[in-house]
Every structure is written in structure tokens, then in C-alpha cells.
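Asker: sharing a sequence plus its predicted fold:
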Amino acid sequence: MIILGTDEAGYGPNLGPLVVSLTAWESDFDDLSALFEPLKKAGILIGDSKKLYHGGSLAALEIGVLAALRSLKKSPHLADKFASILQQYHVRLLDMQYRSIGAEEFNLLLDKFDSKGSLLSHVTLGLIVDQLAKLTHDRDTKDMPVLVLCDKHGGRNHYLDILTDFFPGEFIQVVRESRESSIYRLNTEGRQLELWFVAKGESHLPIALASMLSKYQRELAMIRFNDFWRSYIPDLQPTAGYPEDAKRFKQQIAAVQKQLGISDESLWRKR
């Protein structure tokens, strides 16, 4: 079967991008949690990105993300260990992808979808549909059932309306809608598809790695963001972009922002 995992980083900040990521796996079983411990013993931590990164060094995120990415290209060292452990458990990492949404696009999408939760759901399902199309064009995976694991979007419990937008004309069975999980089943293009939106999703390996990829890409973006502004204001303290500190940062860059002709719409996320 195919397992897709999705998660985001940067849902709450006013500065910097929202990053949504997806990981795709092939496995004989639907629970990949048995892989956490052997990967950890090999020096590859996969887990909740918020616990692995608290500012400072990106090493903990980098090791897991880059080992996974390089395993897709058969690169040496930790990537070989990563691939070897997956092989022992008859698991294959098929793909990793992300989408980074800057302030200007974020604000446009927010105007279109009215809420951050709906915005996140549309971006996430866009990645999922794109990945399903890739799987359909792959001779080895086109007929395999797919389980999609998503961390809950803004805490919402109901996803039927938005699923209908992405799978028009398909009968979508609501299995469960609760605080813990919202589960849906359907058949699309002859493929069995089950989508889970779960609380504390990082306990699922595909979500955990997607969380790490999102966080890693966002932190790299924030390094570039801070470096840009500090090239004009050398003693400026960097920001992670979260609301209170973002207000401080925006006040301190106001004069340079005006001088450079950078609009608020392209810098500051409305929510």
C-alpha cells in the first residue's frame, strides 16, 4: 500500500512563509512507528519538529531530512543507513515535496478561503492530489490503495466539504469526525483512498518527517529573511516571525521597508 503523510510549519507567524510538506511511502503495513527506534539507534532522529528544534542549530532537523532526501538518490553514509533500515522493514520512501507560501500569496489565499484552516486544507490537498497523479502514472503504484495521514488543520474536525471540492463526483464515506481523528473513505480512478486527519499526528512517521521537512525549509527561509534585513540594519535582532516579536521587528525595519518600497502586503501576513 501507499502511505502519504503531510504537515506544516509556520501556521501561526505573521512574518515568513507557511510551509506545507508531504512524504510518500510504500509499505506492506499501515503503521510505520516500528521504524522510529531503529532509525534513532542509527543516529537519525525522526519526530515532532517542535521537539527537535528550539532555535539555534538546525543539526537535528538536518540529519533526518537530508538522510531521507539523499536516500532517494542512493547517496552514502547516513542515507545508506536510512535506506537499509527501511529495506529491513519492507518499506520504501517514494517522494518528499513541499510548498512554501510567502506573505503576499498567503494574503491572497486568505482572502479567497476566509480562514487559515481552510487555506491550509486547500494547500495540503493540492499536494495530495498532485502526488496521487504521480502515483497513477507509475506502473508499480497505480493500483495500490492509499492511506493519507494529515495532522489536523487548525484543530478543525470536519473536512467533507473541502474533500468534495478536490474529489468532485465521488461518493465520500464519513467514517468518523471527532476531536481525535476525522476519517474519510472513497474510490477515485479505481483506487481505494482513505484520509485521516489526526491530532498529535507526529506519532505517525510519515507525518513526522513531513513536519521536519516543513520546519527545516521554513527555518532556512527565516535565516535568509533575517540576513536580508540585517544587511541594512546590522544590529537588528533576528525574529522567528511569531506575533509579538514580529511587531517589534516590523517597527524596527519600518524606515528601511519604506525606503525599499516593500509593501505590507508582501511582507506581513494578515493572520
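Answerer: Right, received. Where do you want to start?
Asker: surely residue 46 and residue 39 touch.
Answerer: Yes. Contact criterion C-beta atoms under 8 Å: residue 46 and residue 39 qualify, at 5.5 Å. For glycine as for every other residue, the C-beta is placed from the backbone atoms N, C-alpha and C.
Asker: any shared contact partners between these two?
Answerer: Contact with both residue 46 and residue 39 is made by residues residue 64, according to C-beta atoms under 8 Å, 6 or more residues apart in numbering.
Asker: following the chain onward from the helix ranked longest in the chain, which element is next?
Answerer: The residue-count maximum for a helix in the chain (DSSP state H) belongs to helix 205-230. As assigned by DSSP states H and E, the chain's next helix or strand after helix 205-230 is helix 243-260.
Asker: related to what we said a few turns ago, would you mind listing the buried residues in the longest helix of the chain?
Answerer: 205-219, 221-222, 225-226, 229 (16 or more other C-beta atoms under 10 Å).
Asker: likewise for stretch 96-104?
Answerer: 96, 97, 98, 99, 100, 101, 103.
Asker: the first one - nearest residue in space that isn't next to it in sequence?
Answerer: Once its chain neighbours are removed from consideration, residue 96 has its nearest residue in residue 23; the separation is 5.2 Å (C-beta to C-beta, 6 or more residues apart in numbering).
Asker: what angle separates the helix or strand hosting residue 126 from helix 205-230?
Answerer: Assigned by DSSP H and E, residue 126 falls within helix 116-136. Angle, helix 116-136 to helix 205-230, by axes from the mean of the first three to the mean of the last three C-alpha atoms, to 10 degrees: 120 degrees.
Asker: for helix 116-136, C-alpha coordinates in CSV please.
Answerer: Taking Å, rounded to 0.1, in the frame of the first residue of the first chain, the C-alpha atoms of helix 116-136 are listed here in CSV:
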residue,chain,number,x,y,z
LYS,A,116,-6.2,30.0,7.9
GLY,A,117,-7.6,26.5,8.4
SER,A,118,-9.3,26.4,5.0
LEU,A,119,-6.2,27.9,3.4
LEU,A,120,-4.1,25.1,4.9
SER,A,121,-6.6,22.4,3.9
HIS,A,122,-6.6,23.6,0.3
VAL,A,123,-2.8,23.8,0.0
THR,A,124,-2.4,20.4,1.7
LEU,A,125,-5.0,18.7,-0.5
GLY,A,126,-3.4,20.3,-3.6
LEU,A,127,-0.1,18.5,-2.7
ILE,A,128,-2.0,15.2,-2.1
VAL,A,129,-3.8,15.4,-5.4
ASP,A,130,-0.5,16.1,-7.2
GLN,A,131,1.1,13.1,-5.5
LEU,A,132,-1.9,10.8,-6.4
ALA,A,133,-1.4,11.9,-10.0
LYS,A,134,2.3,10.9,-9.8
LEU,A,135,1.3,7.5,-8.4
THR,A,136,-1.3,6.9,-11.1
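Asker: that concludes my questions; thank you for your assistance.
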